[in-house]
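Student: Predicted model, plus sequence, below.
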Amino acid sequence: MFDFNAARKRSELFMAIRRFFTEKDFLEVSTPTLSPYLIPEPSIKVFRTDFMNEFKGHLPLYLIPSPEIFMKKLLAAGSGSIFQISQCFRNAEQLGDVHNPEFTMLEYYAVDADEKDSIELTIEMIERTQLTSCPAWIDEKPLIITMAEAMYKYAGVDMDKAENISYLRKEAERLSLTPAPDEPWDDTFNRIFLTYTEPALPKDREVYLTEYPDRIRCLAAKDNSKPVRKRWEMYISGIEIANCYAEETDNKEMASYFSEEEARLMKDREGTDDVIPPADPDFPSLCIPKSSGTAMGLDRLLAAELGLKTIEPLLLFPLSDMLSDGKSSI
């Protein structure tokens, strides 16, 4: 059965978010959900379809995992600060709980801002758009904690020493994890983080986990004073809700990222049937202004605000229902 009360709450939240950003002079934009190119991201699997045309034949297109690729092109073209609520798609996702292959994302870019500015903006946005029947976590002061602080507090790992792969592997073994001798640094780090640190993050408030190691490649700018990237992820009730970058603006860094990640994607999927979308050839040459971009899962945010542990009641047509024994969700 459909939960129209949840649908009303979703509508109220989206209207409040739009009001918040338009009052801040952000421009609401609408970008495509189909693209012939994507940003290379080996950790994300995508959906492919084919465009059929009388003159061009069959051309592969890909459902976007986020609107980042197009929104950054708008930034480079001089759009100013922008936001968008859009449908996004990720393949090979779990069904139920906090995953659905099609989901709603809020993405916003603040020009002439960094990731610290975006923490303040996000905290204010959540305060001003909260629903009337919200759980207690909203009344608690958000926790802002660095990755180094969290890794030491919850896993006993010293991130100053963890740049050394031998130290990191010994720490993994101490924690009863068994990394392979040739396991990459980021895989070992992620296993420690996902097993010990992430589950231990406080669940009674918003948690902003900042300063991710620069060895985990992404399009966030490096901090020149220490080996970290200007990036954060936000959790509520132990669930990742949002992530943010101070955007990389150096074209050489962007080109290097595209080259390395595209090669990694090809290697990881060699000999499989997994889709390998081509990388956008124009993206690394974009002149992106100083800005900070945040991507937020709105299904997860709404679930957290309603005190739910799963997003399924908030979806009128969850894929799990549509695939369940061929039965309709009606």
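Tutor: All right, it came through fine. What you are looking at is a predicted structure, and each value in this text was computed from that prediction instead of being measured.

Student: C-alpha only now, for contacts and for neighbours.
Tutor: Will do.

Student: what about the strands in the stretch 151-300 of the chain?
Tutor: 207-213, 222-223, 228-236, 239-246, 291-297 (DSSP state E, counting those that start in this stretch).

Student: so what's the residue nearest the centre of the chain up against?
Tutor: Residue closest to the average C-alpha location in the chain (C-alpha atoms, centre = their mean): Asn243, at 4.9 Å. Going by C-alpha atoms under 8 Å, 6 or more residues apart in numbering, Asn243 touches 231-234, 294-296.

Student: and the gap between it and Asp3?
Tutor: 29 Å (C-alpha to C-alpha, to the nearest Å).

Student: could you dump the strands of the stretch 151-300 of the chain to CSV with mean pLDDT and distance to Arg8?
Tutor: Formatted as CSV, those follow (pLDDT from 0 to 100; distance: least, C-alpha to C-alpha, whole Å):
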stretch, mean pLDDT, distance to Arg8
strand 207-213, 98, 27
strand 222-223, 96, 41
strand 228-236, 97, 22
strand 239-246, 97, 21
strand 291-297, 98, 18
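
Student: Adding distance to Ser285, write the ones you listed out as CSV.
Tutor: Converted to CSV, the strands of the stretch 151-300 of the chain look like this (distance: least, C-alpha to C-alpha, whole Å):
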stretch, distance to Ser285
strand 207-213, 25
strand 222-223, 18
strand 228-236, 21
strand 239-246, 18
strand 291-297, 16
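
Student: Touching, Val275 and Thr49? I think so.
Tutor: No - using C-alpha atoms under 8 Å as the test, Val275 is too far from Thr49 to be in contact (10.4 Å).

Student: picking that back up, pick the one among the contacts of Asn243 closest to Thr310.
Tutor: Met296 (16.1 Å; C-alpha to C-alpha).

Student: Could you verify my assumption that the closest one touches Ile241?
Tutor: Yes - applying C-alpha under 8 Å as the test, Met296 and Ile241 come out as touching, 5.7 Å apart.

Student: Please list all residues in contact with the closest residue to Glu68 other than its chain neighbours.
Tutor: Closest residue in space to Glu68, ignoring its immediate chain neighbours: Glu107 at 7.8 Å, by C-alpha to C-alpha, 6 or more residues apart in numbering. Glu107 makes contacts with 67-68, 83-85, 293-296, as judged by C-alpha under 8 Å, 6+ apart.

Student: Over to Phe258?
Tutor: By C-alpha under 8 Å, 6+ apart, the neighbours of Phe258 are 39-40, 279, 284.

Student: Helices of the protein, start to end?
Tutor: 4-23, 68-76, 115-129, 147-155, 165-174, 185-192, 198-200, 251-269, 298-305, 319-322 (DSSP state H).

Student: Summarise which helices and strands the longest one is packed against.
Tutor: Taking 3 or more C-alpha pairs under 8 Å, 6 or more residues apart in numbering; DSSP states H and E as contact, the helices and strands that helix 4-23 lies on are strand 27-28, helix 115-129, helix 298-305.

Student: Can you tell me which of these is nearest to Cys218?
Tutor: Nearest of the helices and strands packed on helix 4-23 (C-alpha to C-alpha): helix 115-129, 14.1 Å.

Student: How far away from the center of its chain is that closest one?
Tutor: 16 Å (C-alpha atoms, centre = their mean, to the nearest Å).

Student: Contacts for it next, please.
Tutor: Against helix 115-129 from outside (C-alpha under 8 Å, 6+ apart): 13, 16-17, 20, 110, 138, 142, 208, 230-232, 244-246, 292-294.

Student: what's the burial count for the closest residue to Leu59 other than its chain neighbours?
Tutor: Spatial nearest neighbour of Leu59, excluding adjacent residues (C-alpha to C-alpha, 6+ apart): Phe51 at 5.0 Å. Neighbourhood size, Phe51 [other C-alpha atoms under 10 Å]: 13.

Student: how about Phe51, what does it touch?
Tutor: Phe51 touches 57-61, counting by C-alpha under 8 Å, 6+ apart.

Student: Quick one: distance of the worst-scoring helix or strand of the chain on mean pLDDT to the chain centre.
Tutor: Ranked by mean pLDDT, DSSP states H and E, the weakest helix or strand in the chain is helix 319-322, scoring a mean of 85. Relative to its parent chain, helix 319-322 has a centroid offset of 23 Å by C-alpha atoms, centre = their mean.

Student: Dump the C-alpha coordinates for that helix into CSV.
Tutor: Taking Å, rounded to 0.1, in the frame of the first residue of the first chain, the C-alpha atoms of helix 319-322 are listed here in CSV:
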residue,chain,number,x,y,z
LEU,A,319,12.4,-1.7,-6.6
SER,A,320,12.3,-4.5,-4.1
ASP,A,321,8.5,-4.5,-4.2
MET,A,322,8.4,-4.4,-8.0
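
Student: still on that earlier bit, and the contacts of Asn243, which is closest to Ala200?
Tutor: Nearest to Ala200 among the contacts of Asn243, with distances taken as C-alpha to C-alpha, is Met234, at 13.9 Å.
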